[in-house]
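Peer 1: Predicted model, plus sequence, below.
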Amino acid sequence: MLRLLPEWRAADDSLENAVVMDGVEIVAQLHTDAVDEALQGINRLLDVNTYGNYLSMSLIEALGKVARELNKVLATLDADRPRLEEALQKVLNRYAELAQ
Amino acid sequence: MPDARIAHVAGAFDWGLPISGIPNYLSTVPRLTLLDEVQDHIATDDTATEPARVVLVGLTGIGKSVIASDYCHVDSISYEFLCWIDCRDVDFIEPQVRNIVSQLTRDEIAPTESVGPVFTGLLGRHRRPWLIVFDGIQNRVDIEKYVPSMGRGSVLVTTNNSLNWWHTAHTIEVGEFTEEEAIDCFCSYAAIPAAAADELRGPISDIVNRIGRVPLAVSMTGIYFKNTEGQLNELATQYFSDLEALADTYSIPPGFNKTAFVAINHAVRNLGKGTPAGDVYGRRARAILHIGSLLAPELLPLNLILPATADSVQTDLANLPRPVEADPVLRRGVFSILRTQTIAHRVVNDDEGNTTPASDTVAIHPLVHDILQESYLAEVPPGQLQAQSKTLMAYLLGWIGALRIAGEYFSVEQLRLHAEALLELVNEREPLSPYSPQGARVYTYTKALLQAELSTCQASRGKLQSAYDFGRAAAQNLSTFAHEQPARVLTVKVLASMIKDLSMAEAPPELLAIFSSAVLPALLEAEADDGDGVRDFAYDAAGDLFFSVSRTETYRNSPPLRGIRSQLEELEARDPSPELREATRLRLINQLYDRERFPRDAPVVARVAGGR
């Protein structure tokens, strides 16, 4: 997935696709011991705050996938558990805000 | 000593004056009695804990906003900060309040967080005096949540609604100018020197009384006389005979002084006439005001409206207008004409310094906007309203689409309000008479595409009901030309977006099945088309549709949707180039995810693979 991501991003250069692909990349990073990179990606996603709530549907999609995956890897990534839990809470809060 | 007084003394009455959006209307005749009354009832008492409230009530064009603006500038040192909230568009109040909160706290607040309590809480806790102006609000209920009940500050409201304000508020009726004020104002705009004013007092008094001493009309009439050669007495006779002739043409809305209404129209008709710049740019400036009146009155983008009001504009839906700067010489020339009147002022409407071609705007006085719209619609020859609306729609469509793709959402929102104002105007008047069947056809296509673009905007913002409504309106418009293939293809595109919106909103599967069944025959027809583009479209749309009807467990288990999915799969299986489709990418992502195909050298790859 990580190898194919640049190709997937290039195939559709819309901002909506970029947000969704960010989500896919974070999901893949969480499964490949790239926790630092994944958390950086999560912070970038949480910082996406566009005027007039544009992109909110794509963000909901991406954050939903990331939350599901964070929940899944918590059991296996013991060493990173506290910071992953913190990230999960932030993702869930943002998801709930957007989905309101 | 109360905190506020200590702070006041320490600050020596100079708070640094962060002023948020206070317009500078530059009144030529300060209305001192009214300003004194405002000050008497609004001035902060540093021991008070309940904000003072003053409501300025009066007809549009009577000068309420000018008085409020004058008060802000005259008494600004009494406040630590002043905020001006333009309430003419109720939907625009919340973003302005949000922006003020961001400026005051330097924090972002979440788009979904309710900003009212944050705003009132912030003001309630603030130790130093503040002033909030709500300009042009119709109903108290629309600002109630932003008006603090506690705090050391003052609230000033301007409105043309005299009813249902707070019982604790002091209401000031703003009426016409006094005769003295009207004469002073007229002389100032007509550039009549003080020495000559005494001599001409009789005729000037007659002129200002005949136009009802309405401030806006007095100033515009003054400018007319300034720009017209001749003796005031003789001019006045001609002027009023012109007004009488014009008055027969219009139906004057209730609540307006009839002569003032006509005087404002007359002033715009004569905008720039008799001046060197007016000879070159006057006609374009008048066209902008008249045609621009079909859009919303505020934040009219000059770079869009200039080319859209050119003498001859061809609409080519395959090559839509893009957001670009208009010829700067023309722009400056036209604006030099507009600024000679008090009717329009230039506003740079940008997103914290980030400008786009839509940022250079003019705001037109709402009374002038209403009058011009009414007179334009009364005079426009058959066919012209449809043709002009089509041109404006094509520009809005091209600009909104391009700015949305570029992520310039601040400008997109500005233009979206204009597009909605235009659609509302034409919807109220349809069917519009066409110049030709071809003109009507292009109009319908353009309108449907604009509605589809607005649907996309609303879907992106999570406003799914509104997105659905715009999509349905677009499909209805296109159904007029259902015998044409382009209309059918566009309809499929619109319906596919609507199905996606319904799917995101988790609508019942039966509803999705109804829409999807309607789309399938058109997809099969498009697949059989000779054109590569149309066939490509069919395969793209089939893939998107498949994902929309498979998003949730409920959809995947729904019998009617199961049948639709298998038909879509059959269609996709015939695609000669599946690798080009977004649906293929999404399937691959899901497959790789399900098989947990993450590379062994992943950490290295992860570092190099991403980045937008």
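Peer 2: Looks like it arrived, so ask away. Numbering: from 1, shown residues only, chains lettered A, B, ... in the order given.

Peer 1: Run through the residues that contact the residue nearest to A:Glu16 when sequence neighbours are not counted.
Peer 2: Spatially, and ignoring its direct neighbours in sequence, A:Glu16 is nearest to A:Ser58 (4.3 Å; Cβ to Cβ, 6 or more residues apart in numbering or on different chains). All C-beta atoms are positioned from the backbone trio N, CA, C, and that covers glycine. A:Ser58 makes contact with A:Leu15, A:Glu16, A:Asn17, A:Val19, A:Val20, B:Ser460, according to Cβ atoms under 8 Å, 6 or more residues apart in numbering or on different chains.

Peer 1: got it, and B:Val348?
Peer 2: Contacts of B:Val348 by Cβ under 8 Å, 6+ apart are B:Thr355, B:Ser359, B:Asp360, B:Thr361.

Peer 1: do B:Val380 as well
Peer 2: B:Gln388.

Peer 1: Please parse chain B into its domains.
Peer 2: Following automatic domain parsing, one gets these domains for chain B: B:3-173, B:179-269, B:463-612.

Peer 1: Over to the shortest one now: how far is its first residue from its last?
Peer 2: Taking Cα to Cα, to the nearest Å as the measure, domain B:179-269 stretches 26 Å from start to finish.

Peer 1: Name the nearest residue to B:Gln96, ignoring sequence neighbours.
Peer 2: Of all residues beyond its chain neighbours, the one nearest B:Gln96 is B:Ile85 (5.1 Å), with distances taken as Cβ to Cβ, 6+ apart.

Peer 1: The closest residue to chain B within chain A: which element?
Peer 2: With Cβ to the nearest Cβ, the shortest gap between chain A and chain B falls at A:Thr32, namely 2.9 Å. A:Thr32 belongs to no helix or strand when assigned by DSSP states H and E.

Peer 1: same thing with B:Val155?
Peer 2: Using DSSP H and E, B:Val155 falls in strand B:153-159.

Peer 1: what sits up against that strand?
Peer 2: B:38, B:42-44, B:51-57, B:64-65, B:67-68, B:71, B:79, B:123, B:126, B:129-138, B:143, B:147-148, B:165, B:169.

Peer 1: So which of those sit within strands?
Peer 2: Per DSSP state E, strands hold the following members of those: B:Ala52, B:Arg53, B:Val54, B:Val55, B:Leu56, B:Val57, B:Trp130, B:Leu131, B:Ile132, B:Val133, B:Phe134, B:Asp135.

Peer 1: Name the pair among those residues with the greatest separation in space.
Peer 2: Maximum pairwise distance in the ones in strands among the contacts of strand B:153-159, criterion Cβ to Cβ, is 22.9 Å, between B:Val57 and B:Trp130.

Peer 1: Of those two, which one has the most company?
Peer 2: Legend: neighbour count by other Cβ atoms under 10 Å in any protein chain shown for B:Val57 and B:Trp130, higher for B:Trp130 (23 against 19).

Peer 1: show me the contacts for the more buried one.
Peer 2: Counting by Cβ under 8 Å, 6+ apart, B:Trp130 touches B:Tyr79, B:Glu80, B:Phe81, B:Leu82, B:Cys83, B:Leu123, B:Gly151, B:Arg152, B:Gly153, B:Ser154.

Peer 1: Can you flag the buried ones in the residues you listed?
Peer 2: The neighbour count (16 or more other Cβ atoms under 10 Å in any protein chain shown) marks B:Tyr79, B:Glu80, B:Phe81, B:Leu82, B:Cys83, B:Leu123, B:Gly151, B:Arg152, B:Gly153, B:Ser154 as buried among the contacts of B:Trp130.

Peer 1: The first one reaches B:Ile132, doesn't it?
Peer 2: It refers to B:Tyr79. No. Proximity of B:Tyr79 to B:Ile132 does not meet the contact threshold set by Cβ atoms under 8 Å, at 9.8 Å.

Peer 1: which regions of chain A lie under the pLDDT threshold?
Peer 2: By pLDDT under 70, chain A has no low-scoring segment.

Peer 1: Kindly recompute the last result at 90.
Peer 2: Scanning chain A for pLDDT under 90 picks out A:1-4, A:7-8, A:10-14, A:31-33, A:48-53, A:57, A:61, A:72, A:74-79, A:96-100.

Peer 1: Quick test: name the residue nearest the centre of it.
Peer 2: A:Gly23 (3.7 Å; Cα atoms, centre = their mean).

Peer 1: Report the next helix or strand after the strand or helix carrying that one in sequence order.
Peer 2: Assigned by DSSP H and E, A:Gly23 belongs to helix A:15-30. Scanning forward in sequence from helix A:15-30 by DSSP H and E, the next helix or strand is helix A:35-47.

Peer 1: to the chain's geometric centre, what's the distance from that following helix?
Peer 2: Centroid separation for helix A:35-47 versus its chain: 7 Å, with Cα atoms, centre = their mean, to the nearest Å.

Peer 1: what does stretch B:267-286 give?
Peer 2: 26 Å.

Peer 1: in it, what counts as buried?
Peer 2: B:267-268, B:270-272, B:275, B:278, B:280-286.

Peer 1: check contacts around B:Gly61.
Peer 2: Counting by Cβ under 8 Å, 6+ apart, B:Gly61 makes contact with B:Val214, B:Pro215, B:Leu216, B:Ala217, B:Phe256, B:Ala260, B:Ile264, B:His365, B:Leu367.

Peer 1: Now flag whichever of these is closest to chain A.
Peer 2: B:His365 (26.4 Å).

Peer 1: What backbone torsions are found at that closest one?
Peer 2: The phi/psi pair for B:His365 (degrees, to the nearest 10) reads phi -60, psi 130.

Peer 1: so it makes contact with B:Ala217?
Peer 2: No. Contact criterion Cβ under 8 Å: B:His365 and B:Ala217 do not qualify, at 11.1 Å.

Peer 1: give the contact list for the residue nearest to the centre of chain A.
Peer 2: Contacts of A:Gly23 by Cβ under 8 Å, 6+ apart are A:Leu45, A:Glu61, A:Ala62, A:Leu63, A:Lys65, A:Val66.

Peer 1: Next: B:Ala68.
Peer 2: So B:Ala68 contacts B:Val38, B:Leu56, B:Val133, B:Asp135, B:Leu156, B:Thr158 (Cβ under 8 Å, 6+ apart).

Peer 1: Any idea what the last one is bridged to?
Peer 2: Applying DSSP bridges to B:Thr158 yields these beta-bridge partners: B:Leu56, B:Asp135.

Peer 1: what about it, how many residues close to it?
Peer 2: Here the number of neighbours of B:Thr158 (other Cβ under 10 Å) works out to 25.

Peer 1: now the fifth one
Peer 2: Residue neighbour count, defined by other Cβ under 10 Å, stands at 26 for B:Leu156.

Peer 1: separation between the nearest residue to it once chain neighbours are set aside and B:Arg574?
Peer 2: Spatially, and ignoring its direct neighbours in sequence, B:Leu156 is nearest to B:Val133 (4.7 Å; Cβ to Cβ, 6+ apart). Separation of B:Val133 from B:Arg574 (Cβ to Cβ, to the nearest Å) stands at 64 Å.

Peer 1: Look at these two and report which has more neighbours.
Peer 2: B:Val133 (27 against 12).

Peer 1: pLDDT score assigned to that one?
Peer 2: For B:Val133, the model assigns a pLDDT of 94.

Peer 1: How about the contacts made by it?
Peer 2: B:Val133 makes contact with B:Ile22, B:Ala68, B:Cys72, B:Leu82, B:Cys83, B:Trp84, B:Ile85, B:Val155, B:Leu156, B:Val157, B:Thr158, according to Cβ under 8 Å, 6+ apart.

Peer 1: Look up how far chain A lies from it.
Peer 2: Separation of B:Val133 from chain A (Cβ to the nearest Cβ, to the nearest Å): 24 Å.

Peer 1: Helices of the stretch 301-450 of chain B, residue ranges please.
Peer 2: Using DSSP state H, counting those that start in this stretch, the helices of the stretch 301-450 of chain B run over B:302-308, B:328-338, B:366-379, B:384-405, B:409-429, B:437-460.
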